[in-house]
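Trainee: let me see the structure of the following:
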Amino acid sequence: MLKQTLSYNAFVLATIFFLNGCEEPPQTFTAPSRPVKTIVIGGASSGDSRTFPAIVDAIQKADISFRVSGKIQKILVKEGDDVVKGQLLAELDPTDFKIKLKDRQASFDTAKANYNRAKKLVDKGVISKVDHDKIRADFFTAQSGMDEAKQELLYTELKANFTGQIAKRHVENFEEVSGSQTIFSLEDVTALKLKIDVPENLIIAVDKNRGADRDLYAKFDNIKDQKFPLKFSEATTKADPSTKTFKITLTMDASKDYNILPGMTATVIAELFPSETSSNTAIPVPVSAVIANSQKQATVWVIDEKTMTATPKSVTPGLMIGDVMQVEGLTTGDRIVIAGAAFLRKDMKVTFLKTGEQAE
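Mentor: Numbers count the residues shown, from 1 in each chain. Here you go, the predicted structure:
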(Lines give C-alpha, C1' and ligand atoms only; values in the text may rest on other atoms or scores of the structure.)
Protein backbone atom coordinates (compact mmCIF):
# COMPACT_ATOMS: atom_id res chain seq x y z
CA MET A 1 0.00 0.00 0.00
CA LEU A 2 2.88 2.33 0.89
CA LYS A 3 4.55 1.57 -2.41
CA GLN A 4 1.43 2.44 -4.39
CA THR A 5 1.13 5.81 -2.61
CA LEU A 6 4.78 6.69 -3.33
CA SER A 7 4.38 5.73 -6.97
CA TYR A 8 1.29 7.93 -7.32
CA ASN A 9 3.04 10.91 -5.69
CA ALA A 10 6.03 10.49 -7.93
CA PHE A 11 3.77 10.48 -10.97
CA VAL A 12 2.03 13.68 -9.88
CA LEU A 13 5.33 15.49 -9.27
CA ALA A 14 6.69 14.43 -12.63
CA THR A 15 3.59 15.70 -14.36
CA ILE A 16 3.87 19.08 -12.61
CA PHE A 17 7.52 19.49 -13.58
CA PHE A 18 6.72 18.54 -17.18
CA LEU A 19 3.92 21.07 -17.47
CA ASN A 20 5.96 23.86 -15.91
CA GLY A 21 8.75 23.22 -18.35
CA CYS A 22 6.56 23.62 -21.45
CA GLU A 23 6.31 27.09 -23.03
CA GLU A 24 2.85 28.50 -23.67
CA PRO A 25 2.10 29.06 -27.38
CA PRO A 26 2.05 32.76 -28.46
CA GLN A 27 -1.43 34.29 -28.51
CA THR A 28 -2.49 36.65 -31.30
CA PHE A 29 -5.19 39.29 -30.77
CA THR A 30 -7.28 40.73 -33.60
CA ALA A 31 -9.17 43.96 -33.32
CA PRO A 32 -12.92 43.42 -33.21
CA SER A 33 -14.80 44.17 -36.46
CA ARG A 34 -18.41 44.97 -37.05
CA PRO A 35 -20.39 43.37 -39.92
CA VAL A 36 -22.25 46.04 -41.89
CA LYS A 37 -24.41 46.32 -44.94
CA THR A 38 -23.32 48.95 -47.48
CA ILE A 39 -24.08 50.45 -50.87
CA VAL A 40 -21.99 52.48 -53.30
CA ILE A 41 -23.36 55.99 -53.91
CA GLY A 42 -24.46 56.29 -57.50
CA GLY A 43 -24.99 52.55 -57.82
CA ALA A 44 -28.24 51.03 -58.98
CA SER A 45 -29.52 50.59 -55.43
CA SER A 46 -28.77 54.11 -54.23
CA GLY A 47 -31.67 55.77 -56.06
CA ASP A 48 -35.38 55.44 -55.55
CA SER A 49 -37.13 53.94 -58.56
CA ARG A 50 -40.85 53.73 -59.11
CA THR A 51 -42.72 51.91 -61.88
CA PHE A 52 -46.05 52.97 -63.33
CA PRO A 53 -48.33 51.28 -65.89
CA ALA A 54 -48.95 53.43 -68.95
CA ILE A 55 -50.89 53.41 -72.22
CA VAL A 56 -49.25 54.66 -75.41
CA ASP A 57 -51.07 57.36 -77.33
CA ALA A 58 -50.35 59.46 -80.40
CA ILE A 59 -48.78 62.86 -79.85
CA GLN A 60 -51.69 64.33 -81.84
CA LYS A 61 -54.97 62.74 -82.88
CA ALA A 62 -58.38 63.74 -84.16
CA ASP A 63 -61.64 62.21 -85.33
CA ILE A 64 -62.36 64.07 -88.56
CA SER A 65 -65.75 64.45 -90.22
CA PHE A 66 -67.64 66.35 -92.92
CA ARG A 67 -69.32 69.55 -91.80
CA VAL A 68 -72.36 68.85 -93.97
CA SER A 69 -74.60 65.82 -94.53
CA GLY A 70 -74.65 63.85 -97.76
CA LYS A 71 -73.71 60.65 -99.60
CA ILE A 72 -70.05 59.65 -99.78
CA GLN A 73 -68.96 59.60 -103.40
CA LYS A 74 -65.26 58.79 -103.03
CA ILE A 75 -62.97 57.44 -100.31
CA LEU A 76 -59.43 58.15 -101.40
CA VAL A 77 -57.31 56.65 -98.57
CA LYS A 78 -57.03 53.36 -96.69
CA GLU A 79 -56.39 52.54 -93.06
CA GLY A 80 -52.69 52.79 -92.32
CA ASP A 81 -52.00 55.28 -95.12
CA ASP A 82 -49.69 58.20 -94.38
CA VAL A 83 -51.24 61.54 -95.30
CA VAL A 84 -50.08 65.15 -95.30
CA LYS A 85 -51.87 68.22 -94.07
CA GLY A 86 -54.46 69.41 -96.61
CA GLN A 87 -54.58 66.12 -98.51
CA LEU A 88 -58.01 65.15 -99.89
CA LEU A 89 -59.33 62.07 -98.05
CA ALA A 90 -62.96 61.71 -99.16
CA GLU A 91 -65.72 63.48 -101.11
CA LEU A 92 -69.47 63.78 -100.83
CA ASP A 93 -71.76 63.84 -103.87
CA PRO A 94 -71.76 67.59 -104.72
CA THR A 95 -74.86 67.62 -106.97
CA ASP A 96 -77.35 69.03 -104.45
CA PHE A 97 -74.81 71.55 -103.17
CA LYS A 98 -74.15 72.85 -106.68
CA ILE A 99 -77.90 73.27 -107.31
CA LYS A 100 -78.23 75.19 -104.07
CA LEU A 101 -75.31 77.41 -105.00
CA LYS A 102 -76.88 78.24 -108.39
CA ASP A 103 -80.14 79.20 -106.67
CA ARG A 104 -78.34 81.40 -104.16
CA GLN A 105 -76.27 82.91 -106.94
CA ALA A 106 -79.41 83.89 -108.86
CA SER A 107 -80.97 85.45 -105.78
CA PHE A 108 -77.77 87.36 -105.16
CA ASP A 109 -77.58 88.67 -108.72
CA THR A 110 -81.18 89.96 -108.52
CA ALA A 111 -80.64 91.56 -105.12
CA LYS A 112 -77.45 93.18 -106.33
CA ALA A 113 -79.16 94.71 -109.38
CA ASN A 114 -82.02 96.02 -107.23
CA TYR A 115 -79.59 97.52 -104.77
CA ASN A 116 -77.59 99.29 -107.49
CA ARG A 117 -80.82 100.83 -108.90
CA ALA A 118 -82.02 101.82 -105.44
CA LYS A 119 -78.81 103.74 -104.75
CA LYS A 120 -79.48 105.93 -107.80
CA LEU A 121 -83.20 106.34 -107.13
CA VAL A 122 -82.79 107.37 -103.50
CA ASP A 123 -80.34 110.08 -104.55
CA LYS A 124 -83.00 111.44 -106.95
CA GLY A 125 -85.70 111.21 -104.32
CA VAL A 126 -87.72 108.67 -106.33
CA ILE A 127 -87.82 106.17 -103.47
CA SER A 128 -87.76 106.73 -99.75
CA LYS A 129 -84.86 106.10 -97.47
CA VAL A 130 -86.82 103.31 -95.82
CA ASP A 131 -87.33 101.48 -99.12
CA HIS A 132 -83.65 101.92 -99.92
CA ASP A 133 -82.60 100.40 -96.59
CA LYS A 134 -84.89 97.39 -97.14
CA ILE A 135 -83.43 96.75 -100.60
CA ARG A 136 -79.92 97.05 -99.22
CA ALA A 137 -80.75 94.54 -96.45
CA ASP A 138 -82.10 92.11 -99.04
CA PHE A 139 -78.86 92.45 -100.98
CA PHE A 140 -76.65 91.63 -98.00
CA THR A 141 -78.91 88.70 -97.05
CA ALA A 142 -78.62 87.29 -100.56
CA GLN A 143 -74.86 87.75 -100.45
CA SER A 144 -74.63 85.84 -97.16
CA GLY A 145 -76.79 83.04 -98.58
CA MET A 146 -74.53 82.73 -101.62
CA ASP A 147 -71.38 82.69 -99.49
CA GLU A 148 -72.92 79.97 -97.30
CA ALA A 149 -73.71 77.84 -100.36
CA LYS A 150 -70.16 78.24 -101.66
CA GLN A 151 -68.79 77.18 -98.27
CA GLU A 152 -71.05 74.14 -98.08
CA LEU A 153 -69.83 73.05 -101.50
CA LEU A 154 -66.26 73.27 -100.22
CA TYR A 155 -67.27 71.20 -97.20
CA THR A 156 -68.09 68.26 -99.48
CA GLU A 157 -64.34 67.65 -99.59
CA LEU A 158 -62.75 66.16 -96.46
CA LYS A 159 -59.08 67.05 -96.01
CA ALA A 160 -56.45 66.07 -93.45
CA ASN A 161 -56.13 68.50 -90.55
CA PHE A 162 -52.45 67.61 -90.01
CA THR A 163 -49.77 65.27 -91.29
CA GLY A 164 -50.27 61.81 -89.85
CA GLN A 165 -51.62 58.33 -90.41
CA ILE A 166 -55.13 57.03 -91.02
CA ALA A 167 -55.69 54.94 -87.89
CA LYS A 168 -59.26 53.88 -88.66
CA ARG A 169 -62.00 54.38 -91.26
CA HIS A 170 -65.47 54.45 -89.76
CA VAL A 171 -67.69 54.45 -92.88
CA GLU A 172 -67.99 52.80 -96.29
CA ASN A 173 -68.17 54.30 -99.72
CA PHE A 174 -71.62 55.51 -100.93
CA GLU A 175 -72.87 55.63 -97.34
CA GLU A 176 -75.17 58.44 -96.23
CA VAL A 177 -73.50 60.39 -93.45
CA SER A 178 -74.58 63.28 -91.28
CA GLY A 179 -72.58 66.34 -90.45
CA SER A 180 -70.07 65.79 -87.63
CA GLN A 181 -70.24 61.99 -88.03
CA THR A 182 -66.73 60.56 -87.65
CA ILE A 183 -65.27 59.45 -90.99
CA PHE A 184 -61.60 58.86 -90.15
CA SER A 185 -59.44 58.72 -87.04
CA LEU A 186 -56.21 60.53 -87.83
CA GLU A 187 -53.10 60.17 -85.68
CA ASP A 188 -49.66 61.73 -85.68
CA VAL A 189 -47.20 59.05 -84.52
CA THR A 190 -43.95 60.88 -85.24
CA ALA A 191 -43.86 61.10 -81.45
CA LEU A 192 -45.81 59.34 -78.73
CA LYS A 193 -47.14 60.24 -75.33
CA LEU A 194 -47.61 58.11 -72.26
CA LYS A 195 -49.85 58.98 -69.34
CA ILE A 196 -49.32 57.73 -65.81
CA ASP A 197 -51.13 58.22 -62.51
CA VAL A 198 -48.83 59.39 -59.71
CA PRO A 199 -49.92 59.30 -56.04
CA GLU A 200 -49.90 62.53 -54.08
CA ASN A 201 -46.97 61.49 -51.87
CA LEU A 202 -44.72 61.22 -54.97
CA ILE A 203 -45.91 64.15 -57.08
CA ILE A 204 -43.72 66.52 -55.05
CA ALA A 205 -40.59 64.85 -56.41
CA VAL A 206 -41.48 65.37 -60.07
CA ASP A 207 -38.91 67.55 -61.81
CA LYS A 208 -40.78 69.39 -64.57
CA ASN A 209 -37.58 70.87 -66.00
CA ARG A 210 -35.78 67.59 -66.58
CA GLY A 211 -35.42 66.47 -70.16
CA ALA A 212 -34.92 62.99 -71.51
CA ASP A 213 -32.28 61.07 -69.58
CA ARG A 214 -31.65 57.68 -68.08
CA ASP A 215 -33.72 58.53 -65.02
CA LEU A 216 -37.04 58.49 -66.89
CA TYR A 217 -37.74 55.83 -69.47
CA ALA A 218 -40.29 53.33 -70.79
CA LYS A 219 -40.03 49.58 -71.27
CA PHE A 220 -42.23 47.22 -73.26
CA ASP A 221 -42.85 43.56 -72.42
CA ASN A 222 -42.28 42.37 -75.98
CA ILE A 223 -39.10 44.40 -76.45
CA LYS A 224 -36.40 42.95 -74.23
CA ASP A 225 -33.43 44.93 -72.89
CA GLN A 226 -34.54 48.19 -74.51
CA LYS A 227 -35.14 51.47 -72.71
CA PHE A 228 -36.90 54.36 -74.41
CA PRO A 229 -36.07 57.82 -72.94
CA LEU A 230 -39.00 60.00 -71.96
CA LYS A 231 -39.52 63.72 -71.49
CA PHE A 232 -41.88 65.44 -69.09
CA SER A 233 -44.77 67.13 -70.91
CA GLU A 234 -47.46 68.20 -68.45
CA ALA A 235 -49.09 67.34 -65.14
CA THR A 236 -52.48 68.02 -63.68
CA THR A 237 -52.51 70.18 -60.56
CA LYS A 238 -55.72 68.72 -59.19
CA ALA A 239 -55.96 65.16 -57.90
CA ASP A 240 -58.54 62.74 -59.22
CA PRO A 241 -61.31 62.74 -56.57
CA SER A 242 -61.67 58.95 -56.57
CA THR A 243 -58.06 57.74 -56.87
CA LYS A 244 -56.28 60.73 -55.28
CA THR A 245 -53.68 60.57 -58.04
CA PHE A 246 -52.30 63.17 -60.43
CA LYS A 247 -52.14 62.57 -64.19
CA ILE A 248 -48.68 63.10 -65.72
CA THR A 249 -48.09 63.10 -69.49
CA LEU A 250 -44.69 62.04 -70.84
CA THR A 251 -43.46 62.05 -74.44
CA MET A 252 -41.07 59.85 -76.38
CA ASP A 253 -39.73 59.90 -79.91
CA ALA A 254 -41.09 57.27 -82.28
CA SER A 255 -38.81 54.25 -82.51
CA LYS A 256 -37.01 53.62 -85.79
CA ASP A 257 -36.55 49.93 -85.03
CA TYR A 258 -39.88 48.95 -83.46
CA ASN A 259 -43.47 49.53 -84.50
CA ILE A 260 -44.77 51.08 -81.26
CA LEU A 261 -48.38 52.15 -81.78
CA PRO A 262 -51.10 53.94 -79.82
CA GLY A 263 -53.03 51.63 -77.52
CA MET A 264 -50.03 49.52 -76.55
CA THR A 265 -49.14 49.12 -72.88
CA ALA A 266 -45.82 50.12 -71.35
CA THR A 267 -44.09 50.37 -68.01
CA VAL A 268 -42.65 53.75 -67.03
CA ILE A 269 -39.63 53.65 -64.73
CA ALA A 270 -38.89 56.89 -62.92
CA GLU A 271 -35.89 57.67 -60.76
CA LEU A 272 -37.41 60.14 -58.32
CA PHE A 273 -33.93 61.15 -57.14
CA PRO A 274 -31.62 60.98 -60.19
CA SER A 275 -27.99 60.11 -59.47
CA GLU A 276 -25.59 63.06 -59.53
CA THR A 277 -21.82 63.27 -59.88
CA SER A 278 -21.12 66.45 -57.94
CA SER A 279 -20.36 66.35 -54.22
CA ASN A 280 -22.14 69.69 -53.87
CA THR A 281 -25.41 68.26 -55.12
CA ALA A 282 -27.98 66.32 -53.14
CA ILE A 283 -27.62 62.58 -53.60
CA PRO A 284 -30.29 59.99 -52.74
CA VAL A 285 -29.46 57.51 -49.97
CA PRO A 286 -31.56 55.12 -47.89
CA VAL A 287 -32.95 56.74 -44.76
CA SER A 288 -31.32 53.98 -42.68
CA ALA A 289 -27.88 55.32 -43.68
CA VAL A 290 -28.46 58.70 -41.96
CA ILE A 291 -28.08 58.82 -38.17
CA ALA A 292 -27.61 61.61 -35.64
CA ASN A 293 -24.31 61.93 -33.73
CA SER A 294 -23.94 63.17 -30.14
CA GLN A 295 -24.32 66.78 -31.36
CA LYS A 296 -27.51 65.81 -33.22
CA GLN A 297 -25.74 66.34 -36.55
CA ALA A 298 -26.92 64.19 -39.46
CA THR A 299 -24.14 61.72 -40.18
CA VAL A 300 -23.38 59.00 -42.70
CA TRP A 301 -20.64 56.40 -42.14
CA VAL A 302 -18.27 56.06 -45.09
CA ILE A 303 -16.15 52.91 -45.55
CA ASP A 304 -12.50 53.03 -46.63
CA GLU A 305 -12.26 49.81 -48.63
CA LYS A 306 -8.44 49.72 -48.42
CA THR A 307 -8.29 49.73 -44.64
CA MET A 308 -11.82 48.43 -44.11
CA THR A 309 -12.49 51.12 -41.51
CA ALA A 310 -15.50 53.34 -40.95
CA THR A 311 -15.39 57.14 -40.80
CA PRO A 312 -18.34 59.41 -39.92
CA LYS A 313 -19.18 62.16 -42.39
CA SER A 314 -21.54 65.05 -41.65
CA VAL A 315 -24.27 65.59 -44.25
CA THR A 316 -27.10 68.01 -44.84
CA PRO A 317 -30.43 66.19 -45.11
CA GLY A 318 -33.02 67.22 -47.70
CA LEU A 319 -36.22 65.94 -49.25
CA MET A 320 -37.36 62.52 -48.04
CA ILE A 321 -39.82 60.29 -49.86
CA GLY A 322 -40.58 56.84 -48.53
CA ASP A 323 -37.35 55.20 -47.42
CA VAL A 324 -35.08 57.46 -49.49
CA MET A 325 -33.59 60.83 -48.49
CA GLN A 326 -31.58 63.38 -50.42
CA VAL A 327 -28.40 64.51 -48.63
CA GLU A 328 -25.58 66.91 -49.44
CA GLY A 329 -21.98 66.22 -48.47
CA LEU A 330 -21.32 62.88 -50.13
CA THR A 331 -19.53 62.04 -53.36
CA THR A 332 -20.53 59.60 -56.06
CA GLY A 333 -18.55 56.40 -55.52
CA ASP A 334 -18.54 56.58 -51.71
CA ARG A 335 -19.43 53.30 -50.02
CA ILE A 336 -21.74 54.02 -47.13
CA VAL A 337 -23.23 51.92 -44.36
CA ILE A 338 -26.98 51.39 -44.56
CA ALA A 339 -27.36 48.82 -41.76
CA GLY A 340 -25.40 48.70 -38.50
CA ALA A 341 -24.38 52.38 -38.51
CA ALA A 342 -25.63 52.98 -34.96
CA PHE A 343 -23.02 50.56 -33.54
CA LEU A 344 -19.95 52.00 -35.29
CA ARG A 345 -17.08 54.02 -33.84
CA LYS A 346 -14.54 56.08 -35.69
CA ASP A 347 -11.85 53.96 -37.37
CA MET A 348 -13.60 50.76 -36.32
CA LYS A 349 -12.82 47.77 -38.49
CA VAL A 350 -15.75 46.47 -40.49
CA THR A 351 -16.61 43.46 -42.59
CA PHE A 352 -19.22 43.21 -45.30
CA LEU A 353 -22.19 40.96 -44.87
CA LYS A 354 -22.20 37.78 -46.89
CA THR A 355 -23.36 37.70 -50.49
CA GLY A 356 -27.12 37.90 -50.63
CA GLU A 357 -27.21 40.28 -47.69
CA GLN A 358 -24.74 42.80 -49.08
CA ALA A 359 -26.07 45.45 -51.48
CA GLU A 360 -23.84 46.46 -54.35
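
Trainee: pLDDT weak spots in this protein?
Mentor: Along the chain, segments meeting pLDDT under 70 span 1-32, 42-48, 205-214, 272-280, 322, 354-360.

Trainee: so Val327 touches Val300, yeah?
Mentor: Yes. Using Cβ atoms under 8 Å, Val327 is in contact with Val300, at 6.8 Å. For glycine as for every other residue, the C-beta is placed from the backbone atoms N, C-alpha and C.

Trainee: any common contacting residues for those two?
Mentor: Val285, Val290, Val315 (Cβ atoms under 8 Å, 6 or more residues apart in numbering).

Trainee: list only buried entries from the residues you listed.
Mentor: Neighbour counting by 16 or more other Cβ atoms under 10 Å classes Val285, Val290, Val315 among the shared contacts of Val327 and Val300 as buried.

Trainee: give the bridge partners for Glu176, please.
Mentor: The partner list for Glu176 in beta bridges (DSSP bridges) reads Lys71.

Trainee: about what we covered before: wait, which of the buried ones among the shared contacts of Val327 and Val300 is closest to Ala235?
Mentor: When those are ranked by distance to Ala235 (Cβ to Cβ), Val285 comes first, at 26.4 Å.

Trainee: just checking, that closest one is part of a strand?
Mentor: Yes. Val285 forms part of a strand when assessed by DSSP: H, G, I helix; E, B strand; the rest coil.

Trainee: numbering from 2 from now on, please.
Mentor: Fine by me, first position is 2 from now on; the one you just mentioned is Val286.

Trainee: start to end distance for stretch 333-343?
Mentor: Chord length of stretch 333-343, first to last residue, is 23 Å (Cα to Cα, to the nearest Å).

Trainee: buried stuff in that stretch?
Mentor: Going by 16+ other Cβ under 10 Å, stretch 333-343 has these buried residues: Thr333, Asp335, Arg336, Ile337, Val338, Ile339, Ala340, Gly341, Ala342.

Trainee: touching, the fifth one and Ala290? I think so.
Mentor: By that I understand Val338. Yes. With contact defined as Cβ under 8 Å, Val338 counts as touching Ala290 (6.4 Å).

Trainee: which residues are common contacts for these two?
Mentor: When contacts are counted by Cβ under 8 Å, 6+ apart, Val338 and Ala290 are jointly contacted by Val301, Trp302.

Trainee: verify the stated contact: Leu122 with Ile136.
Mentor: No. With contact defined as Cβ under 8 Å, Leu122 does not reach Ile136; the gap is 9.3 Å.

Trainee: of the two, who's got more company?
Mentor: Between Leu122 and Ile136, counting by other Cβ atoms under 10 Å, Ile136 is the more crowded of the two (19 against 14).

Trainee: endpoint to endpoint, stretch 322-337 covers what distance?
Mentor: Termini of stretch 322-337 sit 19 Å apart (Cα to Cα).

Trainee: quick one: contacts for the residue minimising distance to the centre of the chain?
Mentor: Of all residues in the chain, the one closest to the mean position by Cα atoms, centre = their mean is Leu251, 3.6 Å from it. Counting by Cβ under 8 Å, 6+ apart, Leu251 makes contact with Ala55, Lys194, Leu195, Lys196, Ile197, Leu217, Ala219, Leu231, Lys232, Phe233, Ser234, Val269.

Trainee: any chance of the buried ones among the shared contacts of Val328 and Val301 in JSON lines, plus distance to Phe163?
Mentor: Output for those, formatted as JSON lines (distance: Cβ to Cβ, whole Å):
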{"residue": "Val286", "distance to Phe163": "47"}
{"residue": "Val291", "distance to Phe163": "52"}
{"residue": "Val316", "distance to Phe163": "52"}
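
Trainee: before we move on, back to that, what's the closest of the contacts of Leu251 to Pro263?
Mentor: The shortest approach to Pro263 among the contacts of Leu251 belongs to Lys194, at 9.1 Å (Cβ to Cβ).
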